[in-house]
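# predicted model and sequence below, questions to follow.
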Amino acid sequence: MEILIAIGYLLCLLFIFLFSLGQLHLTWHYLRRLKEKKTGPVMALGEWPAVTIQLPIYNELYVVERLIDAVAKIDYAQDKLEIQVLDDSTDETVALIANKVNQYQKQGINIQHIRRPERKGFKAGALAYGLEIAQGAFIAIFDADFLPAPDFLKKTIPHFSHEKVGVVQTRWGHVNKDYSLLTRLQAFGLDGHFTIEQGGRSHAGSFINFNGTGGIWRKTCILDAGGWSDDTLTEDLDLSYRAQMKGWEFTYLEEVEAPAELPILMPAIKSQQFRWNKGAAECARKHLLHIFQENPLRKTGWVNRMHAVMHLFNSSVFLFLLLGAILSVPMLFIKQQHPYLNTFFKLGAVFVIGFFSIGIFYWIATSRIIKERKLWYFVRHYPLFLIITMGLSLHNAWAVAEGLLGFKSPFLRTPKFNVNNVQGEWKKNVYLNYKVSPITWLELLLALYFIFGMVSAFFVADYGMLLFHSMLAIGFAAVAIYSFIAPKHA
């Protein structure tokens, strides 16, 4: 049994180490990208094509009017712009949308309130339904919590000048980043994705992904790739891989920001994280073998294929983090009782290497996004980000396991609140689920388990894992407590 635990522990560390190396390699590519001066393509106004903006909506009382107002202000020729409000709502959102659409139709804006006879396929189904009647050659998509700037289309559409460009994706901004500690930590993590990961993969010529919103598709690209599918929870990642395996190219524009609202409560964060992580695992299950088959892409090199594997299995790091953490406690006693297994335990040093690799990753991202007091911002947020990430590992690992094993679940929307950095009411939000998940109780048990690991370090006089176990204990306790107190405190 001791050998099996040691081997399992080693395999978990190996995966985390390889993941951190992959992130470090993306950082290297990102830095090279920054050094290369690129001039964006120029498209004359008379050449600009017809665009359809799709707004998939399902029960968004608090933000739908804000979204429609923002989209209605987009600066583009009215005879070439169509707005589809794809409304699957079952509550008062329907009336709010109807009023807004009527208001803008009277102003001459081509905006349609589209209701499906059946909510089949969730968001993917809504997008596919709208696509069938869309008049635009390009399809821009914004989720309910986004606030695109008036010049969004004029900054993005010119990048489709090359006929093989199928998608232009922009960087997400955060309208409520400074609302709370939780929103700051989410922004910290997302900024890493929208700088290093997207920029690095783009420079490396690897697979990248449309992020579900804040981007534009060429309509023919969607159709050529087989259209939207609802067989995963991340229809965006799924279609992205199918399109790129068909030979379409994706363009990432870090310099163009699409502001959005971050979830402010732990239950809402968990809902979003569950969908993202399970959906990514479902896409890994669906596409893993395909990326090793020959295709006409420049992405067939082994480095790009390895990046694709790490991309598809990004969420699986939570599974290995959780298993490695759990096994690290008995490893304390195994090391004491069986000195010949010390080698396995010493390999835990790769966790430190990974810690610094990921630290470099997020430091570069912070340097790009934060304009003042960058070091202080990083020092304040990086350790806390790691702690909360560790605390979410059980919840996210569960999502990954379901995805890899093929267990299906419905698309669960993330509650929106219409808050900014200084104001916003959430206590009366009708979409909040006040039921405490059994996973939250398990998170509390894991906090106690790693407190036991901390105490055990003093009994066996081995303090190599003390910091790690302390971070895990704090992380699981914090995530559980935030889950319990969310309905009562802002």
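Received, thanks. Residues are numbered from 1 along each chain as shown.
# quick check: the gap between the residue positioned nearest the centre of the chain and H162.
Among the residues of the chain, the one closest to the centroid is W276, at 6.0 Å (C-alpha atoms, centre = their mean). From W276 over to H162 the distance is 30 Å, taken as C-beta to C-beta, to the nearest Å. C-beta coordinates here come from the backbone N, C-alpha and C atoms, glycine included.
# wasn't Y252 part of a strand?
Yes: assigned with DSSP: H, G, I helix; E, B strand; the rest coil, Y252 falls within a strand.
# for it, name its beta-bridge partners.
Q169 (DSSP bridges).
# how many neighbouring residues does G205 have?
Neighbourhood size, G205 [other C-beta atoms under 10 Å]: 16.
# what residue ranges in this protein score low on pLDDT?
37-46, 294-300, 340-341, 343-351, 421-427, 433-434, 486-490 (pLDDT under 70).
# at 80 instead, please
The model of the chain has pLDDT under 80 over residues 1, 37-47, 292-303, 338-355, 411-413, 419-435, 485-490.
# what's the domain layout of it?
The record's domain split for the chain, according to automatic domain parsing, is 2-28+314-485, 48-272.
# need the ones you listed in JSON lines (columns: distance to H287).
Below are those laid out as JSON lines (distance: least, C-beta to C-beta, whole Å):
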{"stretch": "domain 2-28+314-485", "distance to H287": "12"}
{"stretch": "domain 48-272", "distance to H287": "5"}
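# the ones you listed: which one's closest to N304?
Proximity to N304 (C-beta to C-beta) singles out domain 48-272 among the domains of the chain, at 4.5 Å.
# from the chain's centre, how far out does that closest one sit?
Between the centre of domain 48-272 and the centre of its chain there are 14 Å (C-alpha atoms, centre = their mean, to the nearest Å).
# which helices and strands does the longest helix anywhere in the chain pack with?
For the chain, the helix with the greatest residue count under DSSP state H is helix 2-35. Packing partners of helix 2-35 (3 or more C-beta pairs under 8 Å, 6 or more residues apart in numbering; DSSP states H and E): helix 198-204, helix 302-312, helix 317-337, helix 342-346, helix 349-369.
# buried sites along it?
5-6, 8-10, 12-13, 15-27, 29-30, 33 (16 or more other C-beta atoms under 10 Å).
# ok, Q107 to K100 distance?
11 Å.
# make that T220, sorry
T220 sits 31 Å away from K100, taking C-beta to C-beta as the criterion.
# compare those two (neighbour count), which wins?
Neighbours were tallied for T220 and for K100 using other C-beta under 10 Å; the higher tally belongs to K100 (20 against 13).
# who's in contact with the nearest residue to R368 once chain neighbours are set aside?
Spatial nearest neighbour of R368, chain neighbours left out: T195 (4.9 Å); criterion: C-beta to C-beta, 6 or more residues apart in numbering. Applying C-beta atoms under 8 Å, 6 or more residues apart in numbering to T195 gives the contacts 30, 171, 254, 364-365, 368-369.
# of all those residues, which two lie farthest apart?
Farthest pair in the contacts of T195 (C-beta to C-beta) is R171 and I364. Separation: 14.7 Å.
# higher neighbour count, these two?
Set R171 next to I364 and count neighbours by other C-beta under 10 Å: R171 wins out with 23 against 20.
# any idea how far that one lies from H469?
Counting by C-beta to C-beta - R171 and H469 are separated by 36 Å.
# K154 reaches K80, doesn't it?
No: K154 sits out of contact with K80 when judged by C-beta atoms under 8 Å, with a separation of 11.9 Å.
# between the two, who's got more neighbours?
In this view K154 and K80 are compared by other C-beta under 10 Å, and K80 has more residues nearby, 18 against 15.
# find the nearest non-adjacent residue to that one, please.
Leaving aside its chain neighbours, K80 sits nearest to A50 (4.6 Å; criterion: C-beta to C-beta, 6+ apart).
# repeat that for Y30.
G200 (4.0 Å).
# surely that neighbour and T27 touch.
Yes: contact criterion C-beta under 8 Å: G200 and T27 qualify, at 6.5 Å.
# list the residues that contact V64.
For V64, the contact set (C-beta under 8 Å, 6+ apart) comprises 57, 93, 96-97, 100, 144.
# what do you get for G22?
306-307, 310.
# which one (most neighbours) among those?
H307 (25 neighbours).
# so the nearest residue to that one once chain neighbours are set aside, which of the three states?
In space, and not counting its chain neighbours, H307 is closest to S206: 4.1 Å by C-beta to C-beta, 6+ apart. Counting by three-state DSSP, the backbone at S206 sits in coil.
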